[in-house]
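Asks: show me how the following folds:
(2 chains)
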Amino acid sequence: MSRDLDGTTDFERQLQALLEASVQGVGGHARSRLNQARHVALAEAAQGGHWSPLVRAATWLRLRLLWMPVAGAMAAAVLVAFVLWPNAPQGSYPAVDTNHTTVEDLDLIADREGMDLMQGGGDGQFYEWAVAQTDQAAQPAGTGAAGPDKSHGAQNAGAVADQNSG
Amino acid sequence: MPAASHGDVDLSDSSSNDQCKALSRFLAGVEVRAFKIAQAALRHEDDALDAVQDAMLQLARAYSDRPAEEWKPLFYRILENRIRDMQRRRTVRNRVMSWLPFRSEGDEDEADPIAEAASDEPLPTRRLEIDEAMSALEKAIGALPRRQQQAFLLRTLEGLDVAQTARTMGCSEGSVKTHYFRALQTLRAQLGELHV
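Replies: Take a look at the predicted model:
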């Protein structure tokens, strides 16, 4: 490691040469912007240090560009929150047993006979009679006065048989 | 006292013009080196250009009436402050951005190959050697601690002497020598002997 009279080593000289080459290699875009910046600064100096409109505009634009991603993201977040806020539940709604109702409704829709019964068509009368018969059979023997008499039931049965055979 | 008129030379205007020309020469002389120093610290071309522009403006606005000999340490002192401000601001910005779920990874500006084209191209093979060595050097400089990096670049790239560097860095001459020496040691360990 040899030194110059000023104490600089070969290594330092090589580093200096390399850095100087890197300075020479600075691209045209950067040089152009530096040139513009110098002219703005000189205009500033000529105005006695007061902020010229050009400087104000350049500073504002740079600050805007610097914080634009952050500001944009914040604005988007606020907007999303604002849009979603009215759809949030407000106050208390009357409680509805939605699970039970939904299952019953689905069952009813899936059962075709159930729909016929609901609409009163088809064999509605027959089913009403069959239910009445079942109720009567379930009652004890001595309480026959409470239900329909047997002759009426027989007539109904005959009518139903006619319907089915017809 | 009003300025001289009726064909006499306006001394105040003449002095102002001379000062303006001197400032222009000074800025033209330091701007590219200042840009390289800022780029080594900030590792971003646009940020480095902004920092240099701010330093130029601040010098012109506040210190253009100072003697020209004081400009260089003042300018680099201002530049150093701007670099530190931008590093802090960038830290805050990155912290804010890291909280946002929909930030894109491709936010960094893409390099424009035409804009990046260097001037005064030497032969391609020579250019390649220089580029490789330069790239290794810039990487090694970028990895240096900030004070070592500052001392090394001000001394080697800008050619400030120890006293000027100390004034610019706001520390003693002994500290400058220590930072510079350590920077050299680190660079030698990482780069070995350069053949450029």
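Asks: near chain A at all, the lengthiest helix in chain B?
Replies: In chain B, taking DSSP state H as the definition, the longest helix is helix B:11-42. Yes: for helix B:11-42, a contact with chain A is found by Cβ under 8 Å from any Cβ of the partner chain, at B:16, B:19-20, B:23-24, B:27-28, B:31-33, B:35-36. (C-beta placed from N, C-alpha, C; glycine too.)
Asks: among the residues you listed, which ones are buried?
Replies: Buried residues within these, defined by neighbour count using 16 or more other Cβ atoms under 10 Å in any protein chain shown: B:16, B:19-20, B:23-24, B:27, B:31-33, B:35-36.
Asks: roughly how far does residue B:170 sit from residue B:26?
Replies: 21 Å (Cβ to Cβ, to the nearest Å).
Asks: and these two? which has more neighbours close in?
Replies: residue B:26 (18 against 10; other Cβ atoms under 10 Å in any protein chain shown).
Asks: who are the packing partners of the longest helix of chain B?
Replies: Counting by 3 or more Cβ pairs under 8 Å, 6 or more residues apart in numbering or on different chains; DSSP states H and E, the packing neighbours recorded for helix B:11-42 are helix A:10-24, helix A:28-46, helix B:45-62, helix B:71-99, helix B:124-143, helix B:146-156.
Asks: quickly list the domain ranges of the chain.
Replies: No chain specified, so I'll use chain A. A:10-83, A:98-138 (automatic domain parsing).
Asks: ah, no, chain B please
Replies: When chain B is parsed with automatic domain parsing, its domains come out as B:13-95, B:124-191.
Asks: neighbours of residue B:87, just the number please.
Replies: The burial count for residue B:87: 14, using other Cβ under 10 Å.
Asks: let me see the contact set for it.
Replies: Applying Cβ atoms under 8 Å, 6 or more residues apart in numbering or on different chains to residue B:87 gives the contacts B:41-42.
Asks: what's the spacing between it and residue B:36?
Replies: Applying Cβ to Cβ to residue B:87 and residue B:36 gives a distance of 17 Å.
Asks: same question, residue B:173
Replies: Look at residue B:173 and residue B:36: by Cβ to Cβ, they are 24 Å apart.
Asks: any weak-confidence spans in the chain?
Replies: Just going to use chain A. A:1-8, A:48-68, A:70, A:86-124, A:140-166 (pLDDT under 70).
Asks: to clarify, I was referring to chain B.
Replies: For chain B, the stretches with pLDDT under 70 are B:1-14, B:97, B:99-124, B:126-127, B:193-196.
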